[in-house]
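**Q** sequence first, predicted coordinates after that:
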Amino acid sequence: MSAAAADWLPAADVTAAGRPVLTAGEVERHLVAQGDVEPEESPRLGPLRARLLVLTSHRLIFLHEPSRSARALPLAAVVHAYPPHRKHGHNPLRSIFSSSSSSSSSHHPRVRLQISLPPSRSEVVAVVVSKGEADVFYGRLLEAVRARAWEVVAAVAAAPAGGSSAAQGAPAEEDLAITMPVVGVSGILRMEQEAWESAGQNLQDAFQDLNALMSKAKEMMELAEKMRQKLLTNSSAQSNSNDEEMGSKQDMQDWLLSVGIVSPVTKETAGALYHQQLSRQLADYIRTPLEKAGGMMALVDVYCLYNRARGTELISPEDLLQACSLWEKFDVPVMLRKFDSGVKVIQTKTHSDDEVFARISSLAQKEDSLQKGISPSDAAFTLGIAPALAKEHLLNAESIGILCRDVSPDGLRFYINLFNEIDPQNMYMPKTHGVYHTWISVTAASQ
Amino acid sequence: MQRLGDFRLPPFFNYPPYFTLQPVRETREKQVQLWKDLILDYCRSQKLYIISLEEDFPLFSNPKIERSLSHEAKEVFLAALVYEGRAEWMDKGHKKCLILWLRIQDWANYILNFVKDNGLEDSVMTVEEIRSGIETRGTELAGIDRGVLMRALKLLEQKGKAAIFKGTSADDEGVKFSA
């Protein structure tokens, strides 16, 4: 299928790991593993086949995973959605044996959408999904179209700070079954006092029960974002405030920044695609923290960090492990690695052990390390990584002969490997250069 | 330079990993080689023939850096000497080890050279004379382990270079060398 044939739909951004890039305020609603889009009236419009359908609060995205390309239909363009039906007389036998080939796809349920395309053209397209999916998809689509989440964001953007009742009014006048989180927090912008009152209310509501918390999650996220913005403007305004205050503000900002994932992949929205999508989202999310951590993180740390970023809808360790294992199948820049000791870590594919070994080697040849060796915590401090991970690096360096170990009542320490430097034929007359010579002079000087 | 009695220790004797059995094969092979050489050198200089794993052996610990070999490490290093024919376990439990800083064959040759150098062909010596007599003073034969000496002499006897004969008591076995 050529992408050009489908250029009647705007292109959508896709992350490096093959997840759709969501805009501000956009939330993922539903996923369908495979579906086609067929224009029913205009033959000029090309169909889209075998796409992953991602329904968000704003758009219906048709994602072609192998090529990491996507087209998106803004839900704003949907004039009407017709309930699923089958175009031709339904033959159950044929539907059982039919696959996703184009001829048989016409026997799958079709959700027909009347859409208006710019400049002012009306078209009818059919979204073809498998039988079991159609009703759920239709239901979620209808919810999303009716909720008009895109108007809320547009209204907030259009009326900043000044008194705006439009933002809260817009979804309210639709009088719909509110399954979408209400995003009408623009009133908060009016007065700071109101903001804190509302924040207190949100907190109270949120903790009443878990369902309420879920429905408030988005507001909490926005609140966090606002607080962060406020802190940013404050700190730049009073740059001469004392250091301690600045420090706590910095902490606060970091903390808020780590509350990061606006639309976490959940079992509810992703269904059978859960682990795949989770895997892709994790790959996108983890890149920044991973680079900060020097290219490698223990799986346990990733688990904590990722769940903290999700905030709600926490994932289980098994889910995380499964998501990481799926990376092998996708072309993503991160990978799961298992050390000989069984410790599992996540690292960037560009991460090279050679660089770590070089740093460990130079650490081990410092005067202090020549005398006393290095412990995993010494290495952790120098390399800026967790001690458990530093120990793995040291053991790895030992296994390739850079280091050797010293077990004593003080614990396990590592020394630069001198065994290769010592000439057994001439053990009393060491060479007058090299690391063995340096070690002799350093230890002799300390005596 | 650090010493153990009158034995001069190599610099790496103060290297803590030298006293930890290295788990990585290549590193361990180097470590074992250094220990084998040091054990032979030390035993030769101190005229020691038997190392008991149950008792303290000066070479196996370094109080200066507070390190000593584990029982496992001692056994590994001595076993490596046994494997090369430079030592022999004296019991099944591997508690005592006979160190052959000269192999039996080398001892036999050494004795032969000693006999030639001193013009002792066709003369008779008792075993005790060889071990502690005036003639052998200052040579490697002084204080030689009786078992080792007897095996070397028996090897010479097989080659027709010596004849062992018994005296009235076990103490005065004699040997007659022939050229």
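**A** Okay, I see it.
**Q** hang on, A:Asp354 in a helix?
**A** Yes: counting by DSSP: H, G, I helix; E, B strand; the rest coil, A:Asp354 falls inside a helix.
**Q** ok, it to A:Ala397 distance?
**A** 11 Å (Cβ to Cβ, to the nearest Å). All C-beta spots, glycine's among them, are computed from the backbone N, C-alpha and C.
**Q** please apply the same query to B:Arg103.
**A** 40 Å.
**Q** who's more crowded, these two?
**A** Per other Cβ atoms under 10 Å in any protein chain shown, whichever of B:Arg103 and A:Ala397 has more neighbours is A:Ala397, with 25 against 14.
**Q** need the per-residue pLDDT for the more buried one.
**A** Looking at A:Ala397, its pLDDT is 92.
**Q** what helices and strands are in contact with the helix or strand hosting it?
**A** Secondary structure from DSSP states H and E places A:Ala397 in helix A:387-399. Here helix A:387-399 touches strand A:296-298, helix A:353-364, helix A:376-383, strand A:403-408, strand A:411-416, going by 3 or more Cβ pairs under 8 Å, 6 or more residues apart in numbering or on different chains; DSSP states H and E.
**Q** repeat that for 10 Å
**A** Packing partners of helix A:387-399 (3 or more Cβ pairs under 10 Å, 6 or more residues apart in numbering or on different chains; DSSP states H and E): strand A:296-298, helix A:299-310, strand A:344-348, helix A:353-364, helix A:376-383, strand A:403-408, strand A:411-416, helix B:25-46.
**Q** just want the angle from it to strand A:411-416.
**A** Angle of helix A:387-399 versus strand A:411-416, following axes from the mean of the first three to the mean of the last three Cα atoms, to 10 degrees, is 50 degrees.
**Q** with just CA atoms, put helix A:387-399 into CSV.
**A** Output of helix A:387-399 as CSV, limited to C-alpha atoms (Å, rounded to 0.1, in the frame of the first residue of the first chain):
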residue,chain,number,x,y,z
PRO,A,387,26.4,-0.2,43.8
ALA,A,388,24.7,-3.4,42.6
LEU,A,389,25.3,-2.3,39.0
ALA,A,390,28.9,-1.3,39.8
LYS,A,391,29.6,-4.7,41.2
GLU,A,392,28.4,-6.3,38.0
HIS,A,393,30.8,-4.0,36.0
LEU,A,394,33.6,-5.0,38.3
LEU,A,395,32.9,-8.7,38.0
ASN,A,396,32.8,-8.2,34.2
ALA,A,397,36.1,-6.4,34.3
GLU,A,398,37.5,-9.2,36.4
SER,A,399,36.3,-11.9,33.9
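**Q** next, the buried residues of that helix.
**A** For helix A:387-399, burial by neighbour count (16 or more other Cβ atoms under 10 Å in any protein chain shown) applies to A:Ala388, A:Leu389, A:Ala390, A:Lys391, A:Glu392, A:His393, A:Leu394, A:Leu395, A:Asn396, A:Ala397, A:Glu398.
**Q** distance of A:Arg71 from A:Val300?
**A** From A:Arg71 to A:Val300 the distance is 39 Å (Cβ to Cβ).
**Q** what does chain B put close to chain A?
**A** B:1-2, B:8-38, B:41, B:64-68, B:70 (Cβ under 10 Å from any Cβ of the partner chain).
**Q** tell me the contacts of A:Ser375?
**A** A:Ser369, A:Phe381, A:Pro387, A:Ala390, A:Lys391, A:Leu394, A:Asp410, A:Gly411, A:Leu412, A:Arg413, A:Phe414 (Cβ atoms under 10 Å, 6 or more residues apart in numbering or on different chains).
**Q** ok, of those residues, which one's closest to B:Glu55?
**A** Nearest to B:Glu55 among these, counting by Cβ to Cβ, is A:Asp410 at 26.2 Å.
**Q** higher neighbour count, A:Arg71 and A:Val300?
**A** Shown here are A:Arg71 and A:Val300; by other Cβ under 10 Å, A:Arg71 has more neighbours (21 against 15).
**Q** for the more buried one, phi and psi?
**A** phi -120, psi 150 (degrees, to the nearest 10).
**Q** so how far is A:Ala24 from it?
**A** From A:Arg71 across to A:Ala24, the span is 21 Å (Cβ to Cβ).
**Q** same question for B:Arg103.
**A** Between B:Arg103 and A:Ala24 the computed distance is 85 Å (Cβ to Cβ).
**Q** with B:Lys92 instead?
**A** From B:Lys92 over to A:Ala24 (counting by Cβ to Cβ), the distance is 80 Å.
**Q** state the mean pLDDT of stretch A:37-45.
**A** Rounded mean pLDDT across stretch A:37-45 is 78.
**Q** centre of the chain to it, how far?
**A** Relative to its chain's centre, stretch A:37-45 lies at 35 Å (Cα atoms, centre = their mean, to the nearest Å).
**Q** residues in contact with it?
**A** With Cβ under 10 Å, 6+ apart as the test, stretch A:37-45 has contacts from A:5-9, A:46-49, A:51, A:53, A:60, A:62, A:71, A:73, A:87, A:102, A:105-106, A:110, A:112-115, A:117, A:121-128.
**Q** and what of stretch B:105-125?
**A** In this structure, residues lying in contact with stretch B:105-125 by Cβ under 10 Å, 6+ apart are B:85, B:100-103, B:130, B:133, B:135-136, B:139-141, B:144-145, B:148-149, B:151-159, B:161-163, B:165, B:174-179.
**Q** low pLDDT regions in chain B?
**A** Chain B contains residues with pLDDT under 70 at B:1, B:168-171, B:179.
**Q** pop the domain breakdown of it in here.
**A** Structural domains of chain B, as assigned by automatic domain parsing, span the residue ranges B:3-99, B:104-177.
**Q** from those domains, which stretch is densest packed?
**A** Of those, the one with the most neighbours on average (mean count of other Cβ atoms under 10 Å in any protein chain shown) is domain B:3-99, at a mean of 17.
**Q** picking up where we left off before, nearest to A:Ala134, of the helices and strands packed on helix A:387-399?
**A** Nearest to A:Ala134, of all those, is helix A:299-310, at 29.7 Å by Cβ to Cβ.
**Q** what angle do that closest one and strand A:344-348 make?
**A** Orientation of helix A:299-310 against strand A:344-348 (the same axes, to 10 degrees) gives an angle of 70 degrees.
**Q** buried ones in helix A:299-310?
**A** For helix A:299-310, using 16+ other Cβ under 10 Å, the buried residues are A:Leu299, A:Asp301, A:Val302, A:Tyr303, A:Leu305, A:Tyr306, A:Asn307, A:Ala309, A:Arg310.
**Q** so how far is chain B from the third one?
**A** Read that as A:Val302. To chain B, A:Val302 is 29 Å away according to Cβ to the nearest Cβ, to the nearest Å.
**Q** tell me if I'm right that that residue and A:Ile346 touch.
**A** Yes: contact criterion Cβ atoms under 10 Å: A:Val302 and A:Ile346 qualify, at 5.3 Å.
**Q** identify the contacts common to those two.
**A** Residues touching both A:Val302 and A:Ile346 by Cβ under 10 Å, 6+ apart: A:Leu282, A:Ile286, A:Pro289, A:Leu290, A:Ala293, A:Leu320, A:Cys324, A:Val334, A:Leu336.
**Q** tell me who's in contact with the fourth one.
**A** Spelled out, that is A:Leu290. Per Cβ under 10 Å, 6+ apart, neighbours of A:Leu290: A:Ala283, A:Met296, A:Met297, A:Val302, A:Leu305, A:Pro333, A:Val334, A:Ile346, A:Gln347, A:Thr348, A:His351.
**Q** would CSV of the residues you listed with pLDDT be doable?
**A** Supplementary listing: those in CSV, determined by pLDDT from 0 to 100:
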residue, pLDDT
A:Ala283, 88
A:Met296, 85
A:Met297, 87
A:Val302, 90
A:Leu305, 89
A:Pro333, 85
A:Val334, 87
A:Ile346, 88
A:Gln347, 86
A:Thr348, 85
A:His351, 77
